[in-house]
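Asks: how would this look folded up:
(one chain, ligands or ions: 1)
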Amino acid sequence: MKLVLHSAKRAAAPYRVRIGLNLKGLPYELRPVDLVANAHQEDGYRALNAQALVPTLEIDGRPLTQSLAILEWLDEVMPEPRLLPTAPFERAIVRAMAEIIACDIHPLNNLRVQRQLTALGIGETDRNAWTARWISDGFRALEPMVAQHSGGFAFGDAPGLVDCLLVPQVFNAGRFNVDLSPFPAIQAAAARAAKHPAIAAAHPDHHPER
Ligand SMILES: N[C@@H](CCC(=O)N[C@@H](CS)C(=O)NCC(=O)O)C(=O)O
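Replies: Purely as a prediction, here's the structure:
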């Protein structure tokens, strides 16, 4: 199986998929997409991803989009080590935790949203306050869930789906200087996960420029 991941250096959504692929131990070719230069909006990339967003994972030439769908696909074709638990209720909790980040934090702070805020005349200080607002709102809901379910990692005692999303979102919070002191369980889980070799290897520092 040949895997090609279209990714961008500091972007959270492809970072999730790099973590998932690394946790599964699957080799992949990484194709950087320069978001700053709008390479994701060119026709060639849009043919792979009609939303013009990263990531896209090509599987033997067939494109798959949406980081959560990609991570769930990965877990279905290669069940070990598991990203999601097997019990339906626990699977639903893990999805709920992941979706706080993927559906309720990240879309409000995405590059295209930042660009639209700028186009509406909103300055950097207010844009950063906007970003911090949505990260803090989501983390306030996620914090007690991590405190309840963490066994070292965000859910349980092994890295899984929630860590795939949490580590990039905490990295993103750092870029915007968001105060994470109200979220000690999140900080502890993210710090622990960030040290895991498969997760550390997915860090933007190891990504080609752009
Ligand atoms: N829900 C999508 C979100 C993808 C997404 O928003 N990707 C960002 C990078 S993290 C992007 O491509 N942004 C480009 C833009 O906003 O123009 C997923 O999880 O894959």
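Asks: For this structure, which segments count as strands?
Replies: 3-7, 29-32, 56-59, 62-65 (DSSP state E).
Asks: looking at the ones you listed, which is closest to Q114?
Replies: strand 3-7 (19.0 Å; CB to CB). C-betas here are computed from N, CA, C, even on glycine.
Asks: tell me what the closest one is packed against?
Replies: Here strand 3-7 touches helix 12-24, strand 29-32, strand 56-59, going by 3 or more CB pairs under 8 Å, 6 or more residues apart in numbering; DSSP states H and E.
Asks: strand partners of the second one, parallel vs antiparallel please.
Replies: Here strand 29-32 has these sheet partners by DSSP bridges: strand 3-7 (parallel).
Asks: List the contacts of the partner strand.
Replies: 14-15, 17-18, 21, 26-33, 45, 48-49, 54-59, 207 (CB atoms under 8 Å, 6 or more residues apart in numbering).
Asks: go again using 10 Å as the cut-off
Replies: 13-15, 17-18, 21, 26-33, 39-40, 45, 48-49, 53-61, 63-65, 70, 74, 202, 204, 207-208, 210 (CB atoms under 10 Å, 6 or more residues apart in numbering).
Asks: That one near the ligand at all?
Replies: No. Using CB under 6 Å from any ligand atom, strand 3-7 stays clear of the ligand, with a minimum separation of 9.2 Å.
Asks: ok, now which ones touch the residue nearest to R210 when sequence neighbours are not counted?
Replies: Leaving aside its sequence neighbours, R210 sits nearest to D34 (CB to CB, 6 or more residues apart in numbering; 4.1 Å). Applying CB under 10 Å, 6+ apart, one finds that D34 lies in contact with A8, K9, H40, E42, E209, R210.
Asks: Return the residues of the chain in contact with the ligand.
Replies: Contact residues (CB under 6 Å from any ligand atom) of the chain with the ligand: 11-13, 35, 40, 53-55, 66-68, 102, 110-112.
Asks: Can you pick out the most distant pair from those residues?
Replies: Using CB to CB for every pair in these, the one that comes out farthest apart is L35 and L68, at 19.7 Å.
Asks: count of neighbours near A173?
Replies: A173 sits with 23 neighbouring residues when counted by other CB atoms under 10 Å.
Asks: Could you give the average pLDDT over stretch 58-71?
Replies: If you average the pLDDT over stretch 58-71, you get 98.
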